[in-house]
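J.: I'll drop the sequence and a predicted model, then ask my questions.
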Amino acid sequence: MKTWIIITMYWAVAVGATYCIRAYNNKKNRHKIALFRAIGITTTPSLWKQIGTHASIVFLVPPLMPVIIIVFLIDKSLKHNKMKKKMKTEAEPQEEKKYAANMEENLPNDIFTQASKAMMDALIFGTFDDFENLLDDKVEVVLYQRKTIKGKADVMSYWWGWRTRFVMTKKVTNFEVVMSRYYSHACLKIETDQLVMFQMEEGKICKMLSMPMHLTSLYSDDNMLNYPLEYERIKPFLLGLEENTDEEGKPMSLADRIPCLHCGVESQDLNWFAIRRPDWFYKNWKFGVVSVCPNCGRVVEYKEVKTEESDDEKNVPIEGSKYSDMGNDLSDWANRIIPEDMDEGVNADNVEDYVSRLMNEMTEVRVEQGYKLEMRLPVEAGSGDRTHILVVDDKGNETEEIAKHLEIPPTEMGVWQLYLLERLHTVLPLWWHGGYNRRKLILKESDIDDIIPLKFHDLHELKEQEKLMPCVTIGSNDDKGQLLVVSCSYWNDWEGLVRQSVEYKLKNGRVVSENDSREVLYQFHCGLWY
């Protein structure tokens with residue numbers, strides 16, 4: 001409170017008290033008259049009136065002045081702290097929300113990657129020249145389920161306005177160029193859910209698609225960064241589309257949906273179907289709509305509408321197989337040491353026999369003299385455990401860093417056996433939270449058909465890129481050692497389909513370095529937690 005206000009209030013109280021006392025003195029009082037008569041005074045002396053008039057001021061000053069002083073000091077202290085805080089705030093620069101512009105690793109160096117990066121730079125920095133040079137004069141932008149913008153000038157105007165509304169106001173700050181396996185080329189990911197995808201003709205962007213990454217819910221099959229459904233696999237579950245409705249049953253237009261970015265067919269000209277197929281648990285039926293390109297036969301869009309429980313039709317047989325049963329030499333060796341039943345194949349009764357069989361199968365890798373290989377099954381205590389592969393010396397000292405005590409020749413089979421030994425715990429018994437590490441190694445093509453979430457997806461691109469089967473690549477050999485790279489794909493219910501590559505550097509039969517990298521081929525999360 002301001003000091004001058006306190007002083008004003010003090011004087012108002014003092015003057016008010018003065019006039020109250022004066023009014024009391026002027027009032028006739030029988031006790032006062034009796035007192036004056038007793039001492040011989042018949043009239044009130046003028047001196048008493050003066051004292052009575054100003055007595056309030058004299059008597060009110062002593063008790064009120066300390067209060068005024070205290071309030072004054074508090075006010076000064078508050079002003080000082082406020083000024084100090086203001087000076088500190090002005091001295092320290094405010095943390096500004098920064099833009100994030102990222103590039104996913106291992107993107108192909110093609111026109112789609114260049115277009116995605118040019119658009120990212122344009123939206124962040126406002127330098128639209130490179131992006132504009134990539135636009136065809138008749139370019140179109142399809143805003144999913146909203147409208148289609150046509151013409152280079154209108155497209156540029158739209159993205160200028162979009163940048164003004166969202167980027168310059170810091171509502172959108174995260175951009176990333178990522179790989180969309182739905183169309184096998186790069187696209188621009190904005191924040192966490194929006195994607196901008198491209199169709200190119202003669203090095204120019206002829207069509208753009210702005211849409212959410214998920215059309216329905218998270219982990220659904222409509223993730224536009226994963227692989228599309230395969231038409232031949234879903235064909236038995238397709239129905240005629242009588243009326244296209246959304247989740248609330250309202251009619252939806254087929255225009256301004258996802259066009260075929262392979263051959264350019266507009267969404268309203270695609271073949272549309274209703275679909276009724278089992279979910280990946282095979283417990284419910286999933287209902288949705290599907291569009292198929294009449295030219296290239298690819299599934300363009302899948303949008304789930306609802307899910308319905310079914311007791312009598314849960315297990316739906318799916319005829320045929322996408323992949324053959326073909327493996328390779330690496331697969332054959334792995335199949336000999338990996339039990340068919342992860343949880344029951346190795347137990348306390350046969351663990352020693354399993355270790356002996358494992359030692360016999362290790363035709364390339366040798367355990368260092370004075371050490372032996374042992375295995376400890378998971379203990380059902382705590383929050384979780386896994387099987388432990390150990391190397392133990394003559395004194396009983398054990399370690400899980402088995403590579404330090406193994407002799408490995410720089411051959412394909414030698415480094416493959418090392419790779420599996422180090423990761424054998426992912427295919428052996430696990431308990432409770434240890435189950436997050438459970439893997440299904442893809443050792444032959446038909447293993448893909450056993451993974452229910454992949455049942456309906458088109459993964460031919462992985463086969464063509466040789467990213468399904470395990471392989472070993474022998475690299476350079478220098479003073480630091482021989483480089484060998486093991487690549488193996490696996491499925492995990494919390495990661496999806498992953499291609500793991502491990503670089504080993506071997507020198508004189510020993511591992512001198514080991515680097516692990518992973519590429520998520522199909523993103524998936526089962527939605528369950530232990």
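T.: Cool, the structure landed. This structure is a prediction, so every number in the text was calculated from the model and none was measured.
J.: and the helices in the stretch 301-450 of the chain, which stretches?
T.: Using DSSP state H, counting those that start in this stretch, the helices of the stretch 301-450 of the chain run over 329-337, 351-361, 412-422.
J.: now swap in the chain and tell me
T.: In the chain, the helices defined using DSSP state H lie at 3-26, 30-38, 46-91, 111-125, 129-133, 152-162, 231-234, 329-337, 351-361, 412-422, 460-464.
J.: report the buried residues of the fifth one.
T.: Same thing as helix 129-133. Across helix 129-133, burial judged by 16 or more other C-beta atoms under 10 Å covers Phe131. (Each C-beta comes from the backbone N, C-alpha and C, glycine too.)
J.: remind me, longest strand of the chain?
T.: The single longest strand within the chain, with elements called by DSSP state E, is strand 510-523.
J.: tell me what angle it forms with helix 412-422.
T.: 70 degrees (axes from the mean of the first three to the mean of the last three C-alpha atoms, to 10 degrees).
J.: could the C-alpha coordinates of strand 510-523 be exported in PDB?
T.: Output in PDB follows, covering the C-alpha atoms of strand 510-523 (Å, rounded to 0.1, in the frame of the first residue of the first chain):
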ATOM      1  CA  ARG A 510      39.100 -61.400 -30.600                       C
ATOM      2  CA  VAL A 511      36.300 -58.800 -30.600                       C
ATOM      3  CA  VAL A 512      37.900 -55.400 -30.300                       C
ATOM      4  CA  SER A 513      34.800 -53.300 -31.000                       C
ATOM      5  CA  GLU A 514      31.000 -53.900 -31.300                       C
ATOM      6  CA  ASN A 515      28.400 -51.400 -32.600                       C
ATOM      7  CA  ASP A 516      24.700 -52.000 -32.600                       C
ATOM      8  CA  SER A 517      22.100 -50.200 -34.900                       C
ATOM      9  CA  ARG A 518      18.500 -50.800 -35.600                       C
ATOM     10  CA  GLU A 519      16.000 -49.900 -38.300                       C
ATOM     11  CA  VAL A 520      12.300 -50.200 -37.500                       C
ATOM     12  CA  LEU A 521      10.800 -51.800 -40.600                       C
ATOM     13  CA  TYR A 522       7.200 -51.900 -39.200                       C
ATOM     14  CA  GLN A 523       6.300 -49.800 -36.200                       C
END
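J.: picking up where we left off before, most neighbours per residue, which of the helices of the stretch 301-450 of the chain?
T.: Greatest average neighbour count among the helices of the stretch 301-450 of the chain goes to helix 412-422 (a mean of 22), per mean count of other C-beta atoms under 10 Å.
J.: what's next to it, contact-wise?
T.: Outside helix 412-422, the residues that touch it by C-beta atoms under 8 Å, 6 or more residues apart in numbering are 329-330, 333-334, 337, 362-365, 389, 402-403, 406, 408, 470, 472, 474, 484, 486, 488, 502, 504, 506, 511.
J.: are any of these buried, and which?
T.: When the contacts of helix 412-422 are checked for burial by 16+ other C-beta under 10 Å, the buried set is 330, 333-334, 337, 362, 364-365, 389, 402-403, 406, 408, 470, 472, 484, 486, 488, 502, 504, 506, 511.
J.: out of those, name the ones that lie in strands.
T.: Judged by DSSP E, the buried ones among the contacts of helix 412-422 include Ile389, Leu406, Val472, Leu484, Val486, Cys488, Val502, Tyr504, Leu506, Val511 as members of strands.
J.: what residue lies at the spatial centre of the chain?
T.: The centroid of the chain falls nearest to Thr192 when counting by C-alpha atoms, centre = their mean (7.3 Å).
J.: so what's that residue up against?
T.: Residues near Thr192 by C-beta under 8 Å, 6+ apart: Asn174, Met213.
J.: and it, what are its phi and psi?
T.: phi -110, psi -10 (degrees, to the nearest 10).
J.: of all the helices of the stretch 301-450 of the chain, which one is nearest Asn437?
T.: Nearest of the helices of the stretch 301-450 of the chain to Asn437, taken as C-beta to C-beta: helix 412-422 at 12.7 Å.
J.: and the strands in the stretch 151-300 of the chain?
T.: With strands called from DSSP state E, counting those that start in this stretch, the stretch 151-300 of the chain shows them at 174-180, 185-190, 194-201, 204-212, 238-240, 271-278, 284-292, 299-309.
J.: so which of the ones you listed comes closest to Phe112?
T.: Nearest of the strands of the stretch 151-300 of the chain to Phe112, taken as C-beta to C-beta: strand 185-190 at 3.8 Å.
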